[in-house]
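Chemist: Build me a model:
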Amino acid sequence: MAKITYIEHNGTRHEVDVTPGMTVMEGARDNGIPGIDADCGGACACSTCHVYVDPEWIDRLPPRDPMEEDMLDFAYEPDPERSRLTCQLKVTDELDGLVVQMPERQI
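Modeler: Residues are numbered from 1 along each chain as shown. Down below sits the predicted model:
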(Lines give C-alpha, C1' and ligand atoms only; values in the text may rest on other atoms or scores of the structure.)
Protein backbone atom coordinates (compact mmCIF):
# COMPACT_ATOMS: atom_id res chain seq x y z
CA MET A 1 0.00 0.00 0.00
CA ALA A 2 1.08 3.54 -0.71
CA LYS A 3 0.00 6.31 1.62
CA ILE A 4 -1.31 9.27 -0.38
CA THR A 5 -2.23 12.60 1.21
CA TYR A 6 -5.01 14.57 -0.48
CA ILE A 7 -5.43 18.17 0.68
CA GLU A 8 -8.70 19.93 0.00
CA HIS A 9 -8.60 23.57 -1.08
CA ASN A 10 -9.69 24.58 2.44
CA GLY A 11 -6.70 22.75 3.94
CA THR A 12 -8.48 19.61 5.16
CA ARG A 13 -6.08 16.66 4.85
CA HIS A 14 -7.02 13.09 3.99
CA GLU A 15 -4.29 10.47 4.33
CA VAL A 16 -5.31 7.16 2.80
CA ASP A 17 -3.74 3.89 1.75
CA VAL A 18 -4.02 3.21 -1.98
CA THR A 19 -3.30 -0.16 -3.55
CA PRO A 20 -0.47 -0.16 -6.10
CA GLY A 21 -1.85 -0.51 -9.61
CA MET A 22 -4.74 1.85 -8.93
CA THR A 23 -4.57 5.50 -9.92
CA VAL A 24 -4.40 8.43 -7.54
CA MET A 25 -7.89 9.35 -8.83
CA GLU A 26 -9.28 5.90 -7.97
CA GLY A 27 -7.78 6.21 -4.49
CA ALA A 28 -9.67 9.47 -3.97
CA ARG A 29 -12.90 8.12 -5.44
CA ASP A 30 -12.84 4.89 -3.45
CA ASN A 31 -12.14 6.73 -0.19
CA GLY A 32 -14.76 9.46 -0.66
CA ILE A 33 -12.23 12.29 -0.92
CA PRO A 34 -14.07 15.50 -1.91
CA GLY A 35 -12.60 17.73 -4.59
CA ILE A 36 -11.78 15.15 -7.24
CA ASP A 37 -14.88 14.74 -9.41
CA ALA A 38 -13.49 12.35 -12.06
CA ASP A 39 -16.43 12.91 -14.39
CA CYS A 40 -14.95 10.81 -17.21
CA GLY A 41 -14.13 7.90 -14.90
CA GLY A 42 -10.41 8.03 -15.57
CA ALA A 43 -10.38 8.09 -19.38
CA CYS A 44 -8.31 11.31 -19.55
CA ALA A 45 -11.25 12.95 -21.33
CA CYS A 46 -11.83 15.80 -18.86
CA SER A 47 -9.90 17.75 -16.25
CA THR A 48 -12.08 17.13 -13.20
CA CYS A 49 -9.42 15.13 -11.36
CA HIS A 50 -6.88 17.97 -11.55
CA VAL A 51 -4.53 18.47 -8.58
CA TYR A 52 -1.39 20.37 -7.69
CA VAL A 53 1.45 18.01 -6.81
CA ASP A 54 3.57 18.93 -3.80
CA PRO A 55 6.80 20.50 -5.15
CA GLU A 56 9.05 17.82 -3.65
CA TRP A 57 7.22 15.17 -5.72
CA ILE A 58 7.26 16.81 -9.15
CA ASP A 59 10.51 15.19 -10.30
CA ARG A 60 9.54 11.79 -8.90
CA LEU A 61 6.51 11.40 -11.15
CA PRO A 62 6.54 10.21 -14.75
CA PRO A 63 6.26 13.07 -17.27
CA ARG A 64 2.89 14.14 -18.60
CA ASP A 65 1.96 12.58 -21.90
CA PRO A 66 0.51 14.77 -24.70
CA MET A 67 -3.08 13.75 -23.92
CA GLU A 68 -2.75 14.83 -20.27
CA GLU A 69 -1.13 18.10 -21.39
CA ASP A 70 -4.12 18.78 -23.66
CA MET A 71 -6.67 18.07 -20.92
CA LEU A 72 -4.83 20.30 -18.43
CA ASP A 73 -5.56 23.22 -20.75
CA PHE A 74 -9.18 22.88 -19.57
CA ALA A 75 -8.38 22.67 -15.85
CA TYR A 76 -9.17 25.41 -13.35
CA GLU A 77 -6.04 27.56 -12.85
CA PRO A 78 -3.47 25.02 -14.04
CA ASP A 79 0.09 25.41 -12.83
CA PRO A 80 2.70 24.67 -15.53
CA GLU A 81 4.92 22.80 -13.05
CA ARG A 82 2.61 21.27 -10.44
CA SER A 83 -0.65 20.44 -12.23
CA ARG A 84 -1.46 16.80 -12.93
CA LEU A 85 -4.51 14.71 -13.67
CA THR A 86 -4.82 12.06 -10.99
CA CYS A 87 -6.29 9.57 -13.47
CA GLN A 88 -2.88 9.53 -15.15
CA LEU A 89 -0.87 8.84 -11.99
CA LYS A 90 -0.55 5.09 -11.45
CA VAL A 91 0.16 4.25 -7.82
CA THR A 92 3.36 2.32 -7.13
CA ASP A 93 5.30 1.66 -3.93
CA GLU A 94 7.57 4.54 -4.97
CA LEU A 95 4.62 6.96 -4.58
CA ASP A 96 4.29 6.16 -0.87
CA GLY A 97 4.03 9.59 0.79
CA LEU A 98 2.76 11.49 -2.28
CA VAL A 99 0.98 14.74 -1.40
CA VAL A 100 -1.52 16.41 -3.76
CA GLN A 101 -3.69 19.47 -3.27
CA MET A 102 -7.03 20.04 -4.94
CA PRO A 103 -7.78 23.33 -6.70
CA GLU A 104 -10.56 25.62 -5.51
CA ARG A 105 -12.90 23.91 -7.96
CA GLN A 106 -12.98 21.50 -10.88
CA ILE A 107 -14.28 22.49 -14.31
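Chemist: Run through the bridge partners of the residue lying closest to Met1 once chain neighbours are set aside.
Modeler: Leaving out its chain neighbours, the residue that sits closest to Met1 by Cβ to Cβ, 6 or more residues apart in numbering is Asp17, at 4.0 Å. Placement of C-beta: from N, CA and C, glycine included. Taking DSSP bridges as the rule, Asp17 bridges to Lys3.
Chemist: ok, the most centrally placed residue in the chain to Glu15 distance?
Modeler: Residue closest to the average C-alpha location in the chain (Cα atoms, centre = their mean): Thr86, at 2.9 Å. Plainly put, Thr86 is 15 Å away from Glu15 if you go by Cβ to Cβ, to the nearest Å.
Chemist: Could you do Asn31 as well?
Modeler: Per Cβ to Cβ, Asn31 is found 10 Å from Glu15.
Chemist: and the residue lying closest to Thr19 once chain neighbours are set aside, what pLDDT?
Modeler: Spatially, and ignoring its direct neighbours in sequence, Thr19 is nearest to Met1 (6.2 Å; Cβ to Cβ, 6+ apart). Met1 carries a pLDDT value of 96.
Chemist: pLDDT score assigned to the residue nearest to Met1?
Modeler: 98.
Chemist: Check the one 5 residues further on too.
Modeler: Met22 is assigned 98 on the pLDDT scale.
Chemist: and the spatially closest residue to it that is not a sequence neighbour, how far is that from Arg13?
Modeler: Using Cβ to Cβ, 6+ apart and skipping the chain neighbours, the partner closest in space to Met22 is Val91 (5.2 Å). Separation of Val91 from Arg13 (Cβ to Cβ): 18 Å.
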